[in-house]
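Participant: here are the coordinates; sequence isn't available:
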């Protein structure tokens, strides 16, 4: 795992589009919107972690994390479908937790689909728990999801409290 570089950004859109195709299949969606371009750096505070199977090769997964006061919000977590079920996603989640601790965050939050096996059920295994949004930022995410067309299935807020666990 490492911080994304400018050279990695061109691969993120392709990773997200391939992974999104699986979610579109779950909900039988034929007009799923393509992923945004990551070529333009985000104006939002945060970080992007990437990983590849071999040093120097293209990324096969990434986590896009937004930072708001004392919170790291896991905005996107994608693994190339061809690399799924090999522990990459779990390792990436643990890297997000570690980086968030280093940055002084008290918790990691995310929003996810409940009925997609590699979404909420996966995050439960990673130690996240369902919680009600408790800040303006987190409450506003639901409206933003509707605007982005994510109203296909039930979505929930999940949190991981970084103060409950000692760093590994």
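Facilitator: Sure thing, it's come through. What you see is a predicted model, and the numbers here were worked out from it, not measured in a lab.
Participant: what's the closest non-adjacent residue to residue 93?
Facilitator: residue 126 (4.7 Å; CB to CB, 6 or more residues apart in numbering). All C-beta atoms are positioned from the backbone trio N, CA, C, and that covers glycine.
Participant: and the longest helix seen in the chain, what's its mean pLDDT?
Facilitator: Secondary structure of the chain per DSSP state H: the longest helix is helix 9-26. On average, the pLDDT along helix 9-26 is 75.
Participant: Mind listing the strands the helix or strand following it pairs with, and their directions?
Facilitator: Using DSSP states H and E, the helix or strand that directly follows helix 9-26 along the chain is strand 46-51. Next to strand 46-51 in the sheet, as set by DSSP bridges, lie strand 2-3 (antiparallel), strand 61-68 (antiparallel).
Participant: So what touches strand 46-51?
Facilitator: Strand 46-51 has contacts (CB atoms under 8 Å, 6 or more residues apart in numbering) with 1-4, 8, 11-12, 38, 59-67, 72-73, 75, 88, 91-92, 95-96, 99, 103.
Participant: Would you mind listing which of these are buried?
Facilitator: Among the contacts of strand 46-51, those scoring as buried are 1, 4, 8, 11-12, 38, 59-67, 72-73, 75, 88, 92, 95-96, 99 (criterion: 16 or more other CB atoms under 10 Å).
Participant: now the end-to-end length of stretch 48-66.
Facilitator: Terminal residues of stretch 48-66 are spaced 9 Å apart (CA to CA, to the nearest Å).
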